[in-house]
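# Structure of the sequence below:
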Amino acid sequence: MQHTLVPGYPLSREEERVIFRSIHRRADRFSDYFLVGYFLFGLFLASFHATWLMALGAGGGYLLAVYAVRYQWPSHTRYQYLLSAVYALFTAQFIYQMPGLFEMHFFAFIGAVALIPYQNWRLMLPLSLVVFLRDSVFAYLQHTGEIDFTQPGPAVLQAFFFRVGLTGIIIFTSGLWAFDLRKKTLVNGINTVRLEKQLISVEHNRAFAEEISRGNLRTAYPAGETDELGQALVAMQQNLLKAAEREQQEKFFNVGLTAVGEILRDNGDNLADLSERVIAKVVNYLGANQGAIFVLQGEANRDPHLELMACYAFDRKKHLSKRIEVGEGLVGQAFREGDPLHLTNIPADYVAITSGLGRANPASILLVPLKVNDQPVGVIELASFGSFLPHQITFLEKLGESIAATISGARVSGRTRLLLEESQAMTEALRSQEEEIRQNLEELAATQEEMARTTAEMQGQLSAIDASMCTAEFDLTGNVLKVNRKFVDLLEYTEEEVRGRHHRTFLREQERQSEAYRHFWDDLAAGVQQPGDFVCLTKSGRPVWLRAVYSPMFDHYGKAHKVLKIASDITQQKALDDELKVRVEQMQVQEKALHQSVDALTVTQQELLRRQDELRLKDQEMQELMVEMRVNEEDMQRSEERIRKLMLESQIQMKEKNRHVQELEAELERLKRSS
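Okay, here's the model as predicted:
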């Protein structure tokens, strides 16, 4: 909801209530003194004319009514309007207790002034209404001669109009003052909210830019309509994503063609091995679940048919010697037509993907003919639980040309090698067995060396972590199993004192009993990692802030059996954050003090406007710089360096602004002392 008091008011009603909550609390304490003072003054007046019943009955009733309404509706302003009427009723009580004493009317003026701290001009309305009714009733009673409060005769009406007029002027002035104070308070609140939103926006943009610079191009950032820098960053992200996608597809083509090309070069003389290695590589590379290569057998006029040369993840007993006639089924149709077939509506009895867990029908099937000079020599068939993307189909078409050319040559080489293999079977078998044993020994030695190197690296990493971070191990119920020296030194315990204790020993009381803490260990036992900032208590009760990660550790069955905690001490960082908040609050107090001098405020506002223009120019320069950023990582690094320089210049200007404000404060203090 927009507020009409200040143009362009960006605060909601709830934010406005938060701003005025502390102001109303101070005003309530201020009003408490006045209410008690009015009540005690009524008791004092009762001693003159023995009006104890009025002082105790009426005055006590007023106090009871105000505090009862405040207790019943503490967050509502009803009690404030009642308080306004009570001030006027106390004035009527005093006039009754001291008949003929004109000065009692001035207590209505005091009540109007006492309502100013609430900064709500509407609170003057109940006071005005009750005062008007009071003076009207008193004037009528005195005019009719029933009671004489002041002078009798025609002067009664004159006194009535004078009192009403003076009271109206005082109440109007007080209401105007309250209205002006409220407006200034809202302006200060708006400035504070805008500054906080700007700081949050800058932090979001910085974090978003850092994620992009790390290569995390798919990080989400909902840029606001007014956040032009955020929109520019999102636009840059989309361009980088498109470039990365193009690069990824090009890399997909190049890597795939290169990998399969190596297989074709290394196995061009053996059609069976070639087919097995190619189909295994293609199925894995495209993320399919099943695949097969069918090769044309027989001469053109002598029983031409397609024979299954290799399969991957098929039921080998069923498909090992599969034969398909040209034009028969989907494979024969793809071979005859010479065009790829991509099917997503698969017949239930066509094919099933099998595994140790069962069987299921695929979601899509892709058949691509293998052609040499537009003449098909075979078909490659893939089945998957997912859908094949267009660039995958294009990749398989290009790959099919290379496979077809190699198959044509491999068939000739295969026939020749088959004759040689028949005469060298025994020798080749022994040689193959010897080579396999030698390779196994070499692989075993290489594996042992790799394991030793990996173990040494892991030991070095663990030693570095143990020396620089606080580490602790817990069982799944939260009991300490093991801690390092840095952990016990930070918490001022010994290792013997910590071992066996529950994790809640190091927490504050309210956190131990919280529902979130009970879920904390349940989630860890379920294998869910728990990162975050946590408060721990040392042995002496001193709070320490830790940035920690609680990670479940799993056994060889995949079941969590203990929890590893790795943490770093961020207590000083938290203290710096708190100190920064205090300094911001001090700057706000100083800014309010500057408003007391109109001349100084004008100079300060002009200076602030000039600084804001400079900052706006810097912000525009940053936006232009971000737009000019290139995909090249070196350009991005140079742009980030310029951004950091611009942000440093902005910080220097803010420090210069603070120094100028301090000089203005000192000058104002000097002027006050001289005056």
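
# Doesn't residue 368 lie inside a strand?
Yes - checked against DSSP: H, G, I helix; E, B strand; the rest coil, residue 368 lies within a strand.

# isn't it right next to residue 388, touching?
No - with contacts counted by CB atoms under 8 Å, residue 368 stays clear of residue 388, the gap being 10.1 Å. Every C-beta, even on glycine, is put in place using the N, C-alpha and C of the backbone.

# These two - which one has more neighbours?
Using other CB atoms under 10 Å, the more surrounded residue of residue 368 and residue 388 is residue 368, with 24 against 21.

# ok, that one - contacts?
Shown in contact with residue 368 (CB atoms under 8 Å, 6 or more residues apart in numbering): 334, 340, 379-380, 393, 396-397, 400.

# tell me the contacts of residue 554?
Contact analysis of residue 554 by CB under 8 Å, 6+ apart lists 527, 560-561.

# most neighbours, which of those residues?
Using other CB under 10 Å as the neighbour test, the contacts of residue 554 are led by residue 560, with 16 neighbours.

# Tell me the secondary structure of residue 546, please.
Per three-state DSSP, the local secondary structure of residue 546 is strand.

# Dump the contacts of residue 554 into a markdown table; add distance to residue 244 as well.
Shown next, in a markdown table, are the contacts of residue 554 (distance: CB to CB, whole Å):
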| residue | distance to residue 244 |
| --- | --- |
| 527 | 32 |
| 560 | 36 |
| 561 | 40 |
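
# I'd like the mean pLDDT over stretch 444-451, please.
What stretch 444-451 shows for mean pLDDT is 79.

# Going forward, the N-terminal residue is numbered 57.
Got it, the first residue is 57 from now on, which makes the last one we talked about stretch 500-507.

# Nearest to residue 552 among the contacts of residue 610?
When the contacts of residue 610 are ranked by distance to residue 552 (CB to CB), residue 617 comes first, at 23.8 Å.

# Which element, helix or strand, includes that closest one?
strand 616-625 (DSSP states H and E).

# That strand pairs with which strands, and in what direction?
If you go by DSSP bridges, strand 616-625 pairs up with strand 526-530 (antiparallel), strand 599-610 (antiparallel).

# list the buried ones in that strand?
Using 16 or more other CB atoms under 10 Å as the test for burial, strand 616-625 gives 616, 618-619, 621-623, 625.

# Give me the contact list for it.
For strand 616-625, using CB under 8 Å, 6+ apart, the contacting residues are 521, 524-532, 537, 543, 546, 580-583, 590, 600-611.

# Filter those residues down to the buried ones.
525-528, 530, 532, 543, 546, 580-581, 590, 600-604, 606-608.

# Mind checking what helix or strand follows the strand holding residue 617 in sequence?
Downstream of strand 616-625, the first helix or strand assigned by DSSP H and E is helix 627-650.

# Counting by contacts, list what that next one packs against.
helix 211-269, strand 599-610, helix 654-683, helix 689-730 (3 or more CB pairs under 8 Å, 6 or more residues apart in numbering; DSSP states H and E).

# Now with 7 Å, please.
Secondary-structure packing of helix 627-650 (3 or more CB pairs under 7 Å, 6 or more residues apart in numbering; DSSP states H and E): strand 599-610, helix 654-683, helix 689-730.

# tell me the angle of the first one relative to helix 627-650?
Meaning strand 599-610. 140 degrees (axes from the mean of the first three to the mean of the last three CA atoms, to 10 degrees).

# what separates strand 599-610 from the chain centre, distance-wise?
Mean-position distance between strand 599-610 and its chain equals 20 Å (CA atoms, centre = their mean, to the nearest Å).

# average pLDDT across it?
88.

# With stretch 294-302 instead?
Mean predicted confidence for stretch 294-302 is 73.

# which residues of the stretch 57-206 of the chain fall in helices?
For the stretch 57-206 of the chain, the helices defined by DSSP state H, counting those that start in this stretch cover 69-105, 108-109, 115-128, 134-153, 162-170, 180-199.

# buried stuff in the third one?
Right, the one you point to is helix 115-128. Neighbour count says helix 115-128 has 115, 118-119, 121-122, 125-126 buried, by 16+ other CB under 10 Å.

# Quick one: closest of the strands paired with strand 616-625 to residue 635.
Counting by CB to CB, residue 635 lies closest to strand 599-610 out of these; the figure is 13.9 Å.

# thinking again about what came up before, of the buried residues of helix 115-128, which is the nearest to residue 179?
Using CB to CB, residue 122 comes nearest to residue 179 of the buried residues of helix 115-128, at 13.0 Å.

# In this structure the closest one contacts residue 138, no?
Yes - with contacts counted by CB atoms under 7 Å, residue 122 reaches residue 138, the gap being 5.7 Å.

# hang on, isn't residue 564 packed against residue 591?
Yes - Residue 564 lies in contact with residue 591 (CB under 7 Å); the separation is 6.4 Å.

# Residue 637 - how many residues pack around it?
So residue 637, with other CB under 10 Å, has 10 neighbours.

# where does the stretch 407-556 of the chain have low pLDDT?
Flagging of the stretch 407-556 of the chain using pLDDT under 70 yields the residue ranges 407-416, 466-475, 479, 511, 514-524.

# my read is residue 432 is in a strand, agree?
Yes - looking at residue 432 with three-state DSSP, it is inside a strand.

# Okay, it and residue 455: tell me how far apart.
Computed as CB to CB, to the nearest Å, the residue 432 to residue 455 distance reads 15 Å.

# any idea which of the buried residues of helix 115-128 is the one closest to residue 222?
residue 118 (23.8 Å).

# The closest one against residue 142, yeah?
Yes - Residue 118 lies in contact with residue 142 (CB under 7 Å); the separation is 4.6 Å.

# hmm, back to that, would you turn the buried residues of helix 115-128 into a markdown table with distance to residue 574 and pLDDT?
A markdown table is the format used below for the buried residues of helix 115-128 (distance: CB to CB, whole Å; pLDDT from 0 to 100):
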| residue | distance to residue 574 | pLDDT |
| --- | --- | --- |
| 115 | 54 | 82 |
| 118 | 50 | 83 |
| 119 | 47 | 82 |
| 121 | 46 | 82 |
| 122 | 44 | 81 |
| 125 | 41 | 81 |
| 126 | 38 | 81 |
